[in-house]
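What shape does this take:
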Amino acid sequence: MSDHLTIIEHPLVQHKLTLMRDKSTPSAQFRQLLHEISHFLAYEATRDLTLTTKSIETPMTEMEAPVLKGKKLALVSILRAGNGMLDGVLDCIPSARVGFVGLYRDEETLKPVQYYCKLPEGMEDRVALVVDPMLATGNSSAAAIDLVKQSGCRDIRFMCLLAAPEGVARMHETHPDVPIVTAALDKRLNDKGYIVPGLGDAGDRMFGTK
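Numbers count the residues shown, from 1 in each chain. Here you go, the predicted model:
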C-alpha cells in the first residue's frame, strides 16, 4: 500500500466483496452490496478532509465544534457503472453536489471518447470524489479526471471497488496527485480488458443487462 493506493482490508468489506464476486449473486443483491461497500470507501477517501470550527450550543453548554471547511464536496460518477456507487456515498455525504462524466471506448483506437460531462459549479473550490466500480485499463478513469481537472478542481480522490495493476499504473502515470481508494487490487487484466479474478462487467451485473 502506498500514498497513491489505499486498499480497504476491513473484514466486512472483504466479505461483501466476495459475495459480489460470486457469479450466482443476483443483480438486486449486487447493487445493495455495492451500496454498502461504497460507505466504507467514502469513509476512507474523506479521512483527511479539512476541518474548521463553529460556535454551537449543546443542551449543556456552548462550545466550538468541528465542521467541514470550504464548499460542499463534489461527487463525480463515471457513467454508467459509477451510478451504482452514488447513493452509498450520498448516504455518508448527503450535501454533496453531483456531476457526471460519460465516456465510451472507441473500438478501433481503444481510446475513451467523451459523450457527456456535467459538473457542479465552483469546482475549483471543491474536493471531488470520482467514482467508478472498476479500475481496469485506467484509460476511462484518467480521461474523466482530465475533465475534472479542466474544471479547475485541484483536490481529487478516486474511488473504485476493484483495481487491476495496469489501471493503477496508468493512473499513477497520468495523475500521480490523485489518490486511489479501493476494496481490492486484483491480479491482472485478461485479453479483453476485464479484471481477473474480478467480478465480470459491473454495469451488466448491476443493471441485469447481460
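
show me where the chain has strands.
5-7, 51-57, 62-68, 74-79, 97-105, 112-118, 127-131, 134-135, 155-163, 180-185, 188-189, 195-196 (DSSP state E).

which of those sits most buried?
Stretch with highest mean neighbour count among those: strand 134-135 (a mean of 28; mean count of other C-beta atoms under 10 Å). All C-beta spots, glycine's among them, are computed from the backbone N, C-alpha and C.

strands paired with that strand, and their directions?
Strand 134-135 has the following sheet partners, assigned by DSSP bridges: strand 155-163 (parallel).

re earlier: tabulate the strands of the chain (TSV), appending distance to residue 24 and mean pLDDT.
Output for the strands of the chain, formatted as TSV (distance: least, C-beta to C-beta, whole Å; pLDDT from 0 to 100):
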stretch	distance to residue 24	mean pLDDT
strand 5-7	26	95
strand 51-57	44	96
strand 62-68	41	96
strand 74-79	27	94
strand 97-105	28	90
strand 112-118	32	90
strand 127-131	26	96
strand 134-135	20	94
strand 155-163	18	96
strand 180-185	19	96
strand 188-189	24	93
strand 195-196	19	94
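
Take these and write them to TSV, including distance to residue 149.
Compiled in TSV, the strands of the chain are given as follows (distance: least, C-beta to C-beta, whole Å):
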stretch	distance to residue 149
strand 5-7	19
strand 51-57	25
strand 62-68	22
strand 74-79	11
strand 97-105	12
strand 112-118	12
strand 127-131	9
strand 134-135	17
strand 155-163	7
strand 180-185	16
strand 188-189	25
strand 195-196	25
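
Surely residue 123 and residue 148 touch.
Yes. Counting by C-beta atoms under 8 Å, residue 123 touches residue 148, with 7.0 Å between them.

Tell me the buried residues in the lengthiest helix in the chain?
Using DSSP state H, we find that the single longest helix of the chain is helix 27-45. By neighbour count on 16 or more other C-beta atoms under 10 Å, the buried set for helix 27-45 is 30-38, 40-42, 44-45.

Pretty sure residue 30 sits against residue 17.
No. Applying C-beta under 8 Å as the test, residue 30 and residue 17 come out as separate, 11.2 Å apart.

For stretch 192-205, measure first residue to last.
This stretch, stretch 192-205, spans 17 Å end to end (C-alpha to C-alpha, to the nearest Å).

Name the residues of that stretch that are buried.
Buried, per 16+ other C-beta under 10 Å, within stretch 192-205: 194, 195, 198, 199, 202, 203, 205.

quick one: that stretch to chain centroid distance?
Relative to the centre of its chain, stretch 192-205 is centred 16 Å away, using C-alpha atoms, centre = their mean, to the nearest Å.

got a list of contacts for that stretch?
The contact list for stretch 192-205 (C-beta atoms under 8 Å, 6 or more residues apart in numbering) reads 20-21, 23, 25, 27, 30, 34, 80-81, 84, 133-134, 136-137, 161-164, 186-190, 209-210.

hmm, 7 Å instead?
20-21, 23, 27, 30, 80-81, 84, 133-134, 136-137, 161-162, 164, 186-190, 210 (C-beta atoms under 7 Å, 6 or more residues apart in numbering).

With that, I have no additional questions.
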